[in-house]
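Asks: Next comes the sequence, and after it the predicted model I'd like to discuss.
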Amino acid sequence: MALPSIPLFRKPEIEAPADIEAASLRSDRFRLEREADWRRLEAIVEALEKGRLNRISDEDLLALPALYRQVASSLSVARETSLDAGTLAYLESLVRRAWFQVYGTRTTLIGWLRRFLAGGWSAAVRAIWLDLCIALAVMLAGTAVGWLLVARDSEWYYALVPGQFADTRRPGATREVLQEALKGTDSGQGLSVFATYLFSNNTAVSIMAFALGFAFGIPTLLLLVYNMAVLGAMLWLFADAGLGWEFAAWLSVHGTTELFAILLAGAAGMHVGRSMAFPGKSTVLSAAADSGRRAAQVMAGVVLMLVIAGLLEGYARQLVEDPWARGVIGGTMLLGWLAYFFALRTRPEESEP
Amino acid sequence: MMAIAARPSDAKRQRELITPEGLALPLTLASRGARAGALMLDLVLIFTVLLIVVITLVYVGGGVAGVETASANPATELLSVLIILLLFLSRFGYFLWFELGPRGATPGKRALGIRVAARPGSGGDGRLTAEAIIARNLMRDVEVFLPATFLLSGEAGAGVTGAATFVWLAVFVLFPFFNKDNLRAGDLVAGTWVVEVEKKKLPEAMSVAEDHSATYRFGEAELSVYGEHELQVLEDVLRANRPEAMRQVMEAICRKIGWEAGSGHEREFLEAFYAALRARLESGMRFGRRKKDKFS
C-alpha cells in the first residue's frame, strides 16, 4: 500500500484502504479501519505546526478536538490489543503532536496584548505589592545611603558614580558648569539614536535585575541599592550647588517612568526569589513557576515602560528646558502610571452581560 | 536473536505525560547535549544574520553619508536606530518569537528535534502560556548572554571580584547538570521543560502481505517459544528488509523451534512466523495474558 504523498487537507473524505479484509490479523484490521482518521488528523496537525491556518478547512478545524480524542482512544485500544510496535510508535507521536496543538498556546500576539493591557498587567503588578513595597524601601534607602556618604566625604562621589556621569558633574564644580549639564538641545538631531540607545540599555539592565532575582533576590537588592546610591550622590551634588529643584525636574521627565520600571523589575525579580525561598504550602518548583509567570507579565510591561522612558529622555528632556514644564511632564507620567496600576481596576467577568 | 536494549541514559530521560483524557503519553526529555547544540546553532544563526544585515546597512548608510557629506543626516541617524534595535531584538526577541510559535521551538531546536513544553505539576492547566515563554527567555539573559559577554570582553578581570563573578555565572550555566529534568534556571522559573518531538511515519500494516499460513503451519509448541520482545525485533527486521539479517534471523528461529532451514524463502517464512506469533500473543492479550519475552 503506497503512502499518498499529496497533502490531504481540504479532502473531507479520505478513502479507507481497500484491503481491510485482506489483513489476516484482527489488530491490523482495527488499524486499517481507522487509518483514514489518523491521516486526516496528521494532515491538520502538520498544517497547524507550519502555522498555515488558512490551509485548514473550517470542517477540519471543527473536527480537530473530536479527531484528537478519537485518535487518543485508538491509541489506548491499540496498546491493549496490538503488538505492532511501528503503529504504536506512530500513534504515540501523533497524539503527542496533536496534544501540543490542541492544548498549546491558543492566543495570538494581538489577543494576548489586548488582554495584557486591559488588566492582566496591572493585576500582576498588584499581585506583587509586597515585593513592590520592599523594593521601594530598598531604593529609598539606597538613595539615602548615596547622599549621606557623599555628604560626609566627597571622595565617595568618585567611588560611586561611574566615569560617564562624572565628566563635568563632580564635587567642587561651579553652579554654572552644573547648570550647563541640565540644558537641553535646540535641534532634534541625533535624539532618536539617543532614545533608542537609552531604551535598549535600560531594558538590558532591568532584565538583568529581574533575572538575578533567581538567587533568592539578593543580587537584585544589591543592584537596586548601588544604582540608587549613584542617584543619591548626584542628587547631593546638585543640591549642594543650589540646583536641587532643577536637577529633580530634569530627572523627573523620564525618571518617574524609568525609576518606576526599575522598581517593577526589581520587585518582579525579588518576587521570584522570595517565593523560592519561602514557597509556603506548594513545592519550590511550582512556587517558582507560578511566581515566574506572574513576574513575566510585569516584565513585559517594564519593557513597554522603558520604551516610553527612552522617548521621554531622548526627546522631551532635551527639548523642554523649563524646570516647571519638566516637573509637570514627570508628575503627570507618575500619576498616570499609579492610576493605571492601582486605580483603574477592570473586572472582565463583570463587564460581560 | 538480536537484542535492542535502551541505553541507560535514554531510560533516565523517559517521562510520562497524562493528557486530560487520562491517557499516559511517553515523553523523552531533550538531552543536555541536544540543548547545548540547539543553542549553539541559534547563536551562530543570529550572529551570521546580524553580521550580514549590519554590514549591508553600514555599506548602504556609508554610501548615503558620502553623498551628503554631513555627519549627522537623517539617513545615518535612522541607520543607527535600526542597528541598535536589531541588536536588542536579536538578544531578546529571537527566542521569544520562535518559541511563541506553534512549534514551540527556535530553528536550532527544530533542527535537533526538540521543543519547549509546559512541565506537568508546575501549576497552570498544562498549557504552554505566553508568560511562561517570556519568563524562560528573560532568564536566558543571565544564563547565556551575560557569561558570553564576560568571556568575550574579559571584563570579569582577575582577583576576588573575577572569581566571584565566575562562580556566580557558573551556577547558572551548570544548573541543568544538577537536576534530573535537565532544567535550566529559566525552565524552573517558567514551569517548562524541553522534550524531544519526533515525527513518525505510519508504517505499512504487517499482515496485508500474501498469506502463507497454508505453506507454513506453526504449532502451539513452536509459537510458545517467543514473547513480545522477540516479536518486535522480528518486526524491525521485516521492516528493514535486509536479506542478510533476515537469513540470520530465520536460521536462529529454525534452530530454536527445530525446523530445517531452507533457503530462498526467508521473507515468506518470517512473515508467516510473525503473523502466527502475533496472532497468538494478541489473542493472549485479549484474555489478559501477556508474555514479555522468551524468558517469561
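Replies: Received, thanks. No experiment lies behind these values; they were computed from the predicted model shown.

Asks: Select the longest helix from the chain.
Replies: Looking at chain A here, since you left the chain open. helix A:244-277 (DSSP state H).

Asks: To clarify, I was referring to chain B.
Replies: helix B:32-68.

Asks: Now the element after that one, going C-ward?
Replies: Once the chain leaves helix B:32-68, the next helix or strand it forms, by DSSP states H and E, is helix B:74-100.

Asks: Return, as residue ranges, the portions of the stretch 151-296 of chain B with sub-threshold pLDDT.
Replies: Within the stretch 151-296 of chain B, the stretches with pLDDT under 70 are B:153-161.

Asks: for the closest residue to chain A within it, what are its contacts?
Replies: Using C-beta to the nearest C-beta, B:G191 is the residue of the stretch 151-296 of chain B that sits closest to chain A, at 2.8 Å. The C-beta positions use only the backbone N, C-alpha and C, and glycine is treated the same way. Listed by C-beta atoms under 8 Å, 6 or more residues apart in numbering or on different chains, the contact set of B:G191 reads A:285-286, A:288-290, A:292-293, B:118-119, B:122-124, B:132.

Asks: one more time with 6 Å
Replies: B:G191 sits next to A:A289, B:R119, B:S122, B:A132 when contact means C-beta atoms under 6 Å, 6 or more residues apart in numbering or on different chains.

Asks: picking that back up, the longest helix of chain B close to chain A?
Replies: No - judged by C-beta under 6 Å from any C-beta of the partner chain, helix B:32-68 stays clear of chain A, getting no closer than 12.3 Å.

Asks: can you state the direction angle for that helix and helix B:74-100?
Replies: Helix B:32-68 runs at 160 degrees relative to helix B:74-100, counting by axes from the mean of the first three to the mean of the last three C-alpha atoms, to 10 degrees.

Asks: Which elements pack onto helix B:32-68?
Replies: Using 3 or more C-beta pairs under 6 Å, 6 or more residues apart in numbering or on different chains; DSSP states H and E, the elements in contact with helix B:32-68 are helix B:74-100, helix B:107-111.

Asks: Just the buried positions in it, please.
Replies: Across helix B:32-68, burial judged by 16 or more other C-beta atoms under 10 Å in any protein chain shown covers B:34-35, B:37-39, B:41-43, B:45-46, B:50, B:54, B:57, B:61, B:65.

Asks: For chain B, which segments count as helices?
Replies: For chain B, the helices defined by DSSP H occupy B:8-12, B:32-68, B:74-100, B:107-111, B:130-140, B:146-153, B:159-173, B:185-190, B:220-223, B:228-240, B:243-257, B:266-286.

Asks: Buried deepest among these, which one?
Replies: Between the helices of chain B, helix B:185-190 has the highest mean count of neighbours, a mean of 28, where neighbours are mean count of other C-beta atoms under 10 Å in any protein chain shown.

Asks: starting at the chain centroid, how far to it?
Replies: In terms of C-alpha atoms, centre = their mean, to the nearest Å, the centre of helix B:185-190 is found 19 Å from the chain centre.

Asks: Give me the contact list for it.
Replies: By C-beta under 6 Å, 6+ apart, helix B:185-190 touches A:214, A:272, A:288, A:292, B:132, B:135-136, B:139-140, B:143, B:172, B:175, B:193.

Asks: Averaged pLDDT, the longest helix of chain B. What do you get?
Replies: Confidence over helix B:32-68 (mean pLDDT, whole number) is 83.

Asks: That one vs helix B:146-153, what angle?
Replies: Angle of helix B:32-68 versus helix B:146-153, following the same axes, to 10 degrees, is 60 degrees.

Asks: Stretch B:287-296 near chain A at all?
Replies: No - Stretch B:287-296 is not in contact with chain A by C-beta under 6 Å from any C-beta; minimum separation 9.5 Å.

Asks: wait, which of the helices of chain B is closest to A:L149?
Replies: Across the helices of chain B, A:L149 has its closest neighbour in helix B:159-173 (20.4 Å, C-beta to C-beta).

Asks: on that earlier part again, can you tell me which of the helices and strands packed on helix B:32-68 has the worst average pLDDT?
Replies: Among the helices and strands packed on helix B:32-68, helix B:74-100 scores lowest, at a mean of 84.

Asks: Tell me if that one is near chain A.
Replies: Yes - applying C-beta under 6 Å from any C-beta, one finds helix B:74-100 touching chain A at B:E77, B:S80, B:V81, B:I84, B:F88.

Asks: Give me every residue in the stretch 151-300 of chain A lying close to chain B.
Replies: Going by C-beta under 6 Å from any C-beta, the residues of the stretch 151-300 of chain A near chain B are A:189-190, A:192-193, A:196-197, A:200, A:207, A:210-211, A:214, A:272, A:286, A:288-290, A:292-293, A:296-297, A:299-300.

Asks: Is it possible to mark the buried ones in these?
Replies: Using 16+ other C-beta under 10 Å as the burial test, these include A:190, A:192-193, A:196-197, A:200, A:207, A:210-211, A:214, A:272, A:286, A:288-290, A:292-293, A:296-297, A:299-300 as buried.

Asks: among the residues you listed, which are in strands?
Replies: Counting by DSSP state E, no part of these is found in strands.

Asks: So which of these sit within helices?
Replies: Among these, the ones falling in helices (DSSP H) are A:192-193, A:196-197, A:200, A:207, A:210-211, A:272, A:286, A:288-290, A:292-293, A:296-297, A:299-300.

Asks: Output whichever strand or helix holds A:A47 as PDB, nothing but the C-alphas.
Replies: For A:A47, the host element (DSSP H and E) is helix A:26-49. Only the C-alpha atoms of helix A:26-49 are listed here, as PDB (Å, rounded to 0.1, in the frame of the first residue of the first chain):
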ATOM      1  CA  ARG A  26      -7.600  -8.600  13.900                       C
ATOM      2  CA  SER A  27      -5.400  -5.800  15.200                       C
ATOM      3  CA  ASP A  28      -4.300  -4.900  11.700                       C
ATOM      4  CA  ARG A  29      -8.000  -4.700  10.600                       C
ATOM      5  CA  PHE A  30      -8.600  -2.400  13.600                       C
ATOM      6  CA  ARG A  31      -5.800  -0.200  12.300                       C
ATOM      7  CA  LEU A  32      -6.800  -0.200   8.700                       C
ATOM      8  CA  GLU A  33     -10.400   0.800   9.600                       C
ATOM      9  CA  ARG A  34      -9.200   3.900  11.500                       C
ATOM     10  CA  GLU A  35      -6.200   4.800   9.400                       C
ATOM     11  CA  ALA A  36      -8.000   7.400   7.400                       C
ATOM     12  CA  ASP A  37      -8.900   9.400  10.500                       C
ATOM     13  CA  TRP A  38      -5.300   9.200  11.800                       C
ATOM     14  CA  ARG A  39      -4.000  10.500   8.500                       C
ATOM     15  CA  ARG A  40      -6.600  13.300   8.500                       C
ATOM     16  CA  LEU A  41      -5.500  14.400  12.000                       C
ATOM     17  CA  GLU A  42      -1.900  14.200  10.900                       C
ATOM     18  CA  ALA A  43      -2.500  16.500   8.000                       C
ATOM     19  CA  ILE A  44      -4.300  19.000  10.200                       C
ATOM     20  CA  VAL A  45      -1.600  18.900  12.900                       C
ATOM     21  CA  GLU A  46       1.100  19.300  10.200                       C
ATOM     22  CA  ALA A  47      -0.700  22.500   8.900                       C
ATOM     23  CA  LEU A  48      -1.100  23.800  12.400                       C
ATOM     24  CA  GLU A  49       2.600  23.300  13.100                       C
END
